[in-house]
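Student: Model the structure of this input:
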Amino acid sequence: MDMGGAVLMATFKFVGLEALEKQLSQLERDAIPSAKRAVYRGSKVMADAIKANLNGLEAISDKTALAAYQKKEPAKLSEAQKEGLIAGFGIAAIEERNGVVNSKIGFAGYNSVVTRRWPKGQPNVMIARSCESGSSAMIKQPFVRPAISAARSATEKAIRDSIETDIKKITGGNK
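Tutor: Just a heads-up that it's a prediction; the model follows:
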């Protein structure tokens, strides 16, 4: 820059640019594994909340449930149905597709209530849905939606904390 005959030159010195580049490269390499860890930790918080509500559901005896079914009256969850839900509940494997990481929490398998229609037992996902929303055969006892509402902020915090921990490990505590 010309200022009346004097030329001023600006000099910049970048200290640690190579270290910063290494940290950014490491963050990029670890992005998907870090996201998977975070999604798992968040999924665990949510699954624990749902399982706590599931364990707290009122269940009636299998005999009482069968009698209500035969009378075509709606009844609460039976003990065998509840046991099936508890046994079949879990977190699916964490998946990554095109940079998007997700998981599913839900019910798999069958309970021990064998009927003509369900010779392998009733599907746990059907029983969970019936219990959650009610049906002609089951009295509504929501347990998933209330858990999601109650655990949403704790789940988000678990995910955020996991990612922040991974970033601190790579950057040496500097964000």
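Student: Which pLDDT value belongs to Glu73?
Tutor: For Glu73, the model assigns a pLDDT of 93.
Student: Can you tell me the number of residues neighbouring it?
Tutor: When neighbours are counted by other CB atoms under 10 Å, Glu73 registers 11. Where C-beta positions appear, they are placed from N, C-alpha and C, glycine not excepted.
Student: how close does it get to Val113?
Tutor: Counting by CB to CB, to the nearest Å, the gap from Glu73 to Val113 is 17 Å.
Student: swap in Lys168?
Tutor: Taking CB to CB, one finds Lys168 at 50 Å from Val113.
Student: Between those two, tell me which one has more neighbours.
Tutor: Neighbours per residue (other CB under 10 Å) separate Lys168 from Val113, with Val113 holding more: 19 against 12.
Student: State the mean pLDDT of the helix or strand containing Ala87.
Tutor: Element membership of Ala87 [criterion: DSSP states H and E] is helix 79-88. Here helix 79-88 scores 98 as its mean pLDDT.
Student: Okay, buried residues for that helix please.
Tutor: Within helix 79-88, the residues that qualify as buried by neighbour count (16 or more other CB atoms under 10 Å) are 79-85, 88.
Student: Stretch 102-120 too?
Tutor: For stretch 102-120, the neighbour count (16+ other CB under 10 Å) marks 103, 105-107, 110-111, 113 as buried.
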